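S.K.: I would like to see how this sequence folds:
(chains A and B, ligands or ions: 3)
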Amino acid sequence: MIVARTGNEAMAEAMRQINPDVVAAYPITPATEVVQLFSKFVHDGDVDTEFVPAESEHSAISACVGASAAGARVMTSTASQGLALMHEILFIAAGLRVPIVICLVNRSLSSPINIHCDHSDTLASRDSGWLQIYTENAQEAYDTTIQLVKVAEQALLPGIVSTDAFIISHGMERVELVDDNEVPKFLGERKLNYSLLDVDNPVTLGALDLQDFFFEHKRSEIDAMDHVLPIIERVQKEYGDKFGRYYSTVDEYKMDDAEVVIIAMGSTGGTAKVAVERLREKGKKVGLVRARVYRPFPKDAMLKAVTKAKVIGIMDRADTLSTLGGHLYNDVRSILYDTATRPLLKNYIYGLGGRDISIEEIEAIYDELFNIKKSGKVDKNIVYYGVRGE
Amino acid sequence: MMASLKQLAAQEEKFAGGHRGCAGCGASIIARQVLMAAENPVVVGAATGCLEVFSTIYPYSAWEVPYVHNAFENVAATMAGVESAYKALKKKGKIKKDLRFIAFGGDGGTYDIGLQALSGMIERRHRVLYVCYNNEAYMNTGIQRSSATPRGAHTTTSPAGKVIPGKLQLRKNLTEIIIAHEPAYAAQATFGYWNDLVTKVRKALAVEGPSFINIYAPCRLGWAYAPEKTVKVSKMAVETCIWPLYEYQDGQYRITVKPKEKKPITEFINSQGRFEHLFKWKDDVPIREYQEEIDFIWNRLLKRTESQ
Ligand SMILES: Cc1ncc(C[n+]2csc(CCOP(=O)(O)OP(=O)(O)O)c2C)c(N)n1
Ligand code: SF4
Ligand SMILES: [Mg+2]
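M.R.: Ligands and ions are numbered 1, 2, ... in the order given. Got it, this is the predicted structure:
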């Protein structure tokens, strides 16, 4: 079915079709709408979900942990400060290996307080052990939400699927929905190794784990991250085979012969694709790589995508405040260290607090990257793009 | 409802011995008594704190029932999630048994950092019994003050100093705060009156909505008394009305154990090192203020029960 939906509506539709056992959530702009729409589904009897309108995000995610440990299929939705308030429990959820999916809208973290898009919220949770997938449009947000439930349950890892605040969350787009009854079929039942509700086989979950065992348990969690990419790829393929829309961990656009490349995340991927088209019309060998799956980092796919690149501009919609530039920049720089022909890199920190990035600006970035290619050197590795006084 | 010791003793143990609690730890007696009282199978959650630490040092667990520990401030929310999962899965026929849910939190995890989550759990009417085992300080981290710590008590963050003799403030009356939420059942108990405690747990697990029991949990380490005195200290708290045993249900207050003769609080506090400095203090202000608080709360409770 083809419909017009905003990113939030698309995510809420996915949640309706997934029909989770438990949703515990708390409102926050710009993700509130997801929670509202879902509440309506609950009150209209469109889903069987036990909805827990928690008194904070901390409690919402805590309830999700309890519910998932009890064997339920569990989801929530949040943004920015909400995710920050969940921070403590994100690590616990991942460590306890309880699958939970967060439909997240990327909004900048305070302060200054702001409600618009950047990626500082999810990137601050980067090392929490959650899968992170950044989507480019409402369609992808919808498809990925469904896929991530399956991945999370198979890998026993929680995951975040995100959209860019307002740009995607509130932008109306053409979205193709899967038939209602196909989604539960695609997901199947959640398979359990144990459950808190199995009183005949009691388990102790969340024991105090000291010097003699903690490291092995943490290592096994790291191991799960090491092995989840094939699961993501398998689910992406199953989904594509069934519903006709294929995704990859790293989204490549016109990369076959690209020499000058931009790597970006989220909705900027879409904007940059238009810039690439324009420049290609002028005969320029440009390409775009979108880091779709960000955690774990799809190192091999990323390396493969950029092997032929001579110059790469890495666009980060957040800064690490470490003097070392953005998160994505540091990741890409790190994986390129061991390659024989290291391309030249430049980091563009842009769009903080929802500042727009235009097609023309991205074209200008490509131009700059061509100049770097010509001169063979990067004067300044990290620049703040589109900010006054720079 | 009345339980007999014989019956209780014949049960299979749900909270095993051999854990790492101090000898004479009140919290461990509470965990055992509460689980003994439960007639349905239970799922338990615990907040970070002494009980959680000493009962589940991996690879050991004292819990013979399903148990989850999430964090310090969120056991109420965690168990709300477990109970919601139960409701959802029961509706779908995936769970057949009739289960009950019990959250254990210390006074720090309940009066202070976990108050919001508990308030939310009750307001949303999750059918969970929340047990606060109240040892009147943050014991696990080395005896720091909480809002349950009484006036004058020495803790490591309200020390008996040269100019300030222990904690300056009075205790927060959490039980009344919870009662203001109109839970399906609320009570105060302590293990020295085991029959009263068991009866209350059974009532709490029988009601359809949220329930709360604030259980006084003498702590030999933090209160500084000999381990064998634990039960005696528990009883003395009731005899001095420092810990009135009462319950609240359907808008009615009921005192469940009325001391024959209300003893002065000095008979309770002189048994514990945490109050030792008060007897050497230049004036009687801390003890007097504590006594006045106890009298005020007890008299109000008497009035509430008389007027009914
Ligand atoms: C968010 C957070 N803050 C602080 C701590 C440290 N901490 C662990 S247990 C505890 C005190 C527990 O006190 P209480 O709830 O009274 O339980 P008790 O140890 O007295 O049984 C504290 C402060 C923590 N684990 N998490
Ligand atoms: S410090 Fe107190 S509460 Fe903690 S184990 Fe010892 S007696 Fe029990
Ligand atoms: Mg305590």
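
S.K.: Can you name the residue of the stretch 251-390 of chain A nearest to ligand 2?
M.R.: For the stretch 251-390 of chain A and ligand 2, the shortest gap (Cβ to the nearest ligand atom) falls at residue A:295, measuring 38.5 Å. Where C-beta positions appear, they are placed from N, C-alpha and C, glycine not excepted.

S.K.: Spatially nearest residue to that residue, not counting backbone neighbours?
M.R.: Sequence neighbours aside, residue A:132 is the residue nearest to residue A:295 in space, at 4.1 Å (criterion: Cβ to Cβ, 6 or more residues apart in numbering or on different chains).

S.K.: repeat for residue A:143
M.R.: Nearest to residue A:143 is residue A:245, by Cβ to Cβ, 6+ apart, at 5.6 Å.

S.K.: For the residue positioned nearest the centre of chain A, which residues are in contact?
M.R.: Closest residue to the average C-alpha location of chain A: residue A:133 at 2.3 Å, with Cα atoms, centre = their mean. Residues in contact with residue A:133 (Cβ atoms under 8 Å, 6 or more residues apart in numbering or on different chains) are A:144, A:148, A:159, A:160, A:161, A:162, A:292, A:293, A:294.

S.K.: Now the residue in the stretch 151-300 of chain A that ligand 2 sits nearest to: phi and psi?
M.R.: Proximity of the stretch 151-300 of chain A to ligand 2 (Cβ to the nearest ligand atom) peaks at residue A:208, 13.0 Å away. Residue A:208 adopts backbone torsions of phi -70, psi 130, taken as degrees, to the nearest 10.

S.K.: List the beta-bridge partners for it.
M.R.: residue B:57 (DSSP bridges).

S.K.: and the gap between residue B:81 and chain A?
M.R.: In this view, residue B:81 and chain A are 3 Å apart by Cβ to the nearest Cβ, to the nearest Å.

S.K.: Just list what the helix or strand harbouring that residue packs against, helices and strands only.
M.R.: Assessed by DSSP states H and E, residue B:81 sits inside helix B:75-91. In terms of contacts (3 or more Cβ pairs under 8 Å, 6 or more residues apart in numbering or on different chains; DSSP states H and E), helix B:75-91 is packed against strand A:22-25, strand A:50-53, helix A:57-69, strand B:42-46, strand B:67-69, strand B:100-106, helix B:115-123, strand B:129-134.

S.K.: could you redo those as a markdown table and give each row mean pLDDT?
M.R.: Listed next are the helices and strands packed on helix B:75-91 as a markdown table, based on pLDDT from 0 to 100:
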| stretch | mean pLDDT |
| --- | --- |
| strand A:22-25 | 98 |
| strand A:50-53 | 98 |
| helix A:57-69 | 98 |
| strand B:42-46 | 98 |
| strand B:67-69 | 98 |
| strand B:100-106 | 98 |
| helix B:115-123 | 98 |
| strand B:129-134 | 98 |
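
S.K.: for the ones you listed, which one sits closest to ligand 3?
M.R.: strand B:100-106 (3.7 Å; Cβ to the ion).

S.K.: I'd like to know if the closest one reaches ligand 2 anywhere along the stretch.
M.R.: No. Figure legend: strand B:100-106 not in contact with ligand 2 (Cβ under 6 Å from any ligand atom); closest approach 7.8 Å.

S.K.: partners of that strand, with directions?
M.R.: In the sheet, strand B:100-106 lines up with strand B:42-46 (parallel), strand B:129-134 (parallel) (DSSP bridges).

S.K.: What helices and strands are in contact with the very next helix or strand once past the last one?
M.R.: Proceeding N to C from strand B:129-134, the next assigned helix or strand is helix B:174-179, under DSSP H and E. Counting contacts by 3+ Cβ pairs under 8 Å, 6+ apart, helix B:174-179 is packed against helix B:115-123, strand B:185-190, strand B:211-216.

S.K.: so which of these comes closest to ligand 2?
M.R.: Comparing the helices and strands packed on helix B:174-179 by Cβ to the nearest ligand atom, strand B:211-216 comes nearest, at 12.0 Å.

S.K.: Could I have the CA atoms of that closest one written out in CSV?
M.R.: This file holds the C-alpha atoms of strand B:211-216, laid out as CSV (Å, rounded to 0.1, in the frame of the first residue of the first chain):
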residue,chain,number,x,y,z
SER,B,211,0.8,-2.5,47.3
PHE,B,212,3.6,-1.3,49.5
ILE,B,213,5.1,-2.5,52.7
ASN,B,214,7.7,-0.4,54.5
ILE,B,215,9.6,-3.0,56.5
TYR,B,216,11.9,-1.8,59.3
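
S.K.: what sits up against it?
M.R.: So strand B:211-216 is contacted by B:26, B:30, B:34, B:118, B:122, B:128-134, B:174-175, B:178, B:183-191, B:197, B:200-201, B:203-205, B:234, B:237, B:243 (Cβ under 8 Å, 6+ apart).

S.K.: coming back round to it: any idea how far the residue of the stretch 151-300 of chain A closest to ligand 2 is from residue B:109?
M.R.: 15 Å (Cβ to Cβ, to the nearest Å).

S.K.: How about the stretch 101-250 of chain B: which residue is closest to ligand 2?
M.R.: For the stretch 101-250 of chain B, Cβ to the nearest ligand atom, closest residue to ligand 2: residue B:219, 3.1 Å.

S.K.: how about stretch A:68-86, does it reach chain B?
M.R.: Yes. Looking at stretch A:68-86 against chain B by Cβ under 8 Å from any Cβ of the partner chain, the contacts come from A:68, A:69, A:70, A:71, A:72, A:74.

S.K.: check whether that stretch contacts ligand 1.
M.R.: No. Judged by Cβ under 6 Å from any ligand atom, stretch A:68-86 makes no contact with ligand 1; its nearest approach is 12.0 Å.

S.K.: Pull that stretch out as PDB, backbone CA atoms only.
M.R.: The C-alpha coordinates for stretch A:68-86 follow below in PDB (Å, rounded to 0.1, in the frame of the first residue of the first chain):
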ATOM      1  CA  SER A  68      12.100  -7.900  27.700                       C
ATOM      2  CA  ALA A  69      13.700 -10.000  30.400                       C
ATOM      3  CA  ALA A  70      10.200 -11.400  31.000                       C
ATOM      4  CA  GLY A  71      10.100 -12.500  27.300                       C
ATOM      5  CA  ALA A  72       8.000  -9.800  25.700                       C
ATOM      6  CA  ARG A  73       8.600  -8.100  22.400                       C
ATOM      7  CA  VAL A  74       9.400  -4.600  23.500                       C
ATOM      8  CA  MET A  75       9.700  -1.100  21.900                       C
ATOM      9  CA  THR A  76       9.900   2.500  22.900                       C
ATOM     10  CA  SER A  77      10.500   5.900  21.400                       C
ATOM     11  CA  THR A  78      12.500   8.900  22.400                       C
ATOM     12  CA  ALA A  79      14.900  11.700  21.500                       C
ATOM     13  CA  SER A  80      17.700  13.800  22.800                       C
ATOM     14  CA  GLN A  81      17.300  14.500  26.600                       C
ATOM     15  CA  GLY A  82      15.100  11.400  26.800                       C
ATOM     16  CA  LEU A  83      17.900   9.200  25.500                       C
ATOM     17  CA  ALA A  84      20.300  11.000  27.800                       C
ATOM     18  CA  LEU A  85      18.100  10.200  30.700                       C
ATOM     19  CA  MET A  86      18.000   6.600  29.600                       C
END
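
S.K.: For the stretch 51-200 of chain A, which segments are assigned as helices?
M.R.: Per DSSP state H, counting those that start in this stretch, the stretch 51-200 of chain A carries helices over the ranges A:57-69, A:80-96, A:120-124, A:138-155, A:182-187.
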